[in-house]
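Q: Next input, structure requested:
(6 chains)
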6 protein chains.
Amino acid sequence: MPYVNIKITREGGVTPAQKAELIKGASDLLAKVLNKSPATTVVVIDEVELENWGIGGLPVEAYRRQAKG
Amino acid sequence: MPYVNIKITREGGVTPAQKAELIKGASDLLAKVLNKSPATTVVVIDEVELENWGIGGLPVEAYRRQAKG
Amino acid sequence: MPYVNIKITREGGVTPAQKAELIKGASDLLAKVLNKSPATTVVVIDEVELENWGIGGLPVEAYRRQAKG
Amino acid sequence: MPYVNIKITREGGVTPAQKAELIKGASDLLAKVLNKSPATTVVVIDEVELENWGIGGLPVEAYRRQAKG
Amino acid sequence: MPYVNIKITREGGVTPAQKAELIKGASDLLAKVLNKSPATTVVVIDEVELENWGIGGLPVEAYRRQAKG
Amino acid sequence: MPYVNIKITREGGVTPAQKAELIKGASDLLAKVLNKSPATTVVVIDEVELENWGIGGLPVEAYRRQAKG
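A: Residues are numbered from 1 along each chain as shown, chains lettered A, B, ... in the order given. Presented below is the predicted three-dimensional model:
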């Protein structure tokens, strides 16, 4: 009965089909590696606004501009 | 000073009054079982979009359709 | 299918029976307020070392000493 | 490679500049105290609706009214 | 730069090799479905004591006994 | 009344004094940037075993060896 939380930035229009793939993929992973029944594996996806996500001491967008700069 | 996080699917119009009940109920539970002062018990409710919640390897809505099917 | 996470400080010897009460209480709360089936309500309790919990800008123990002082 | 999650109530119009300050401040803190490289410190800010945040057994707004009352 | 948190019960001796598989599998999943670079995907695994995990209103072990009974 | 969660790898002997610095620093940051009262800012530090933390598709230690290699 694992619980998986996936946090991603909200951008680029993640579709319901892609989310379904993430849910299935995470459940399958726990089943394959640890023999956990998918029946009770819960997956929660959080989409985080770009300005609320930081890396390298910067908001993501500033970080990407700098990385390219 | 416990911290309680309640994640539920965003559906069916959970009202502010129901949220207040969840907050009071969680604080009371910690007070009753562990004698924690409600004064410093923090409760955070997260409402998660249906398409972002998975169980049984499927998004919730697909899971429910299958369970009924 | 709610998910409830309860974080408490690790102190005073919380017993398995008390944890069972927290689990039952949280499931009952979601059933009572939002009509969620306890069958799929997941509860995870985290016990956090005292030195890892802060409030008022201080680790819990220093905070309590100050509050009493 | 620390991960920092900051949860605040959604109110008062937190600006992107303030969020950038939180991200930089959290990264700097980990660098100063534990010598963690900011390059791999991730910061995620969650803004929580007022009615979804409870303290003292009450939703935040009711709590504040009572505290003043 | 996704962040993935996998919570499982601490039982049955999950090996470092299995944890490495979970980490690789979660990174690969995000790369495959959303084209996220594994370089910045963070995965954190939490192992939760059995008595701290509840489902169906019961601690996991009691739940399993009942399910079999 | 913010809630801050800081996850770090368990290594190198983080001292209680360093944890106290993290707690104070996080509270001060929220006070400075958003004028949040430190009195109700909660900080929880999680120390995660090295083998439970992954980046770049690898457990941290393997990742570091590769980065140096």
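Q: can you tell me which residues contact residue A:32?
A: For residue A:32, the contact set (CB atoms under 8 Å, 6 or more residues apart in numbering or on different chains) comprises residue E:25. Where C-beta positions appear, they are placed from N, C-alpha and C, glycine not excepted.
Q: what helix or strand is it on?
A: According to DSSP states H and E, residue A:32 maps onto helix A:16-34.
Q: Could you do residue A:12 as well?
A: Here residue A:12 is assigned to no helix or strand, by DSSP H and E.
Q: Not including adjacent chain positions, what is the nearest residue to it?
A: Among residues not flanking residue A:12 along the chain, residue E:34 sits closest, at 8.0 Å (CB to CB, 6 or more residues apart in numbering or on different chains).
Q: Which pLDDT value belongs to the one you found?
A: Note for residue E:34: predicted pLDDT of 97.
Q: wouldn't residue A:26 be in contact with residue B:54 here?
A: Yes: when contacts are counted by CB atoms under 8 Å, residue A:26 is listed as touching residue B:54 (7.5 Å).
Q: Distance of the residue of chain A found nearest chain D relative to residue F:6?
A: Nearest to chain D in chain A, going by CB to the nearest CB, is residue A:54, at a distance of 3.1 Å. Using CB to CB, to the nearest Å, one gets 14 Å for the distance from residue A:54 to residue F:6.
Q: And for residue A:36?
A: 29 Å.
Q: do the same with residue A:8
A: From residue A:8 to residue F:6 the distance is 21 Å (CB to CB).
Q: now swap in residue A:57 and tell me
A: 15 Å.
Q: who's more crowded, those two?
A: Set residue A:57 next to residue F:6 and count neighbours by other CB atoms under 10 Å in any protein chain shown: residue F:6 wins out with 28 against 22.
Q: mind checking pLDDT for the residue of chain A found nearest chain B?
A: In chain A, no residue comes nearer to chain B than residue A:23, which is 3.1 Å away by CB to the nearest CB. Note for residue A:23: predicted pLDDT of 98.
Q: What about it, how many residues nearby?
A: 30.
Q: list the buried ones in the worst-scoring helix or strand of chain A on mean pLDDT?
A: Ranked by mean pLDDT, DSSP states H and E, the weakest helix or strand in chain A is helix A:60-68, scoring a mean of 91. Buried residues in helix A:60-68, counted by 16 or more other CB atoms under 10 Å in any protein chain shown: A:60, A:62, A:63.
Q: Of those residues, which are in range of chain D?
A: Filtering those for proximity to chain D by CB under 8 Å from any CB of the partner chain leaves residue A:62.
Q: Looking at the buried residues of helix A:60-68, which one is closest to residue F:67?
A: Distance to residue F:67 across the buried residues of helix A:60-68 (CB to CB) is lowest for residue A:63, with 19.2 Å.
Q: which residues does that closest one contact?
A: So residue A:63 contacts A:54, A:55, A:56 (CB under 8 Å, 6+ apart).
Q: again, but for residue A:5
A: A:43, A:44, A:45, A:46, E:4, E:5, E:7.
Q: Any idea what residue A:4 is bridged to?
A: The bridge-partner assignment for residue A:4, based on DSSP bridges, gives residue A:43, residue E:6.
Q: can you count the residues close to it?
A: With other CB under 10 Å as criterion, residue A:4 counts 24.
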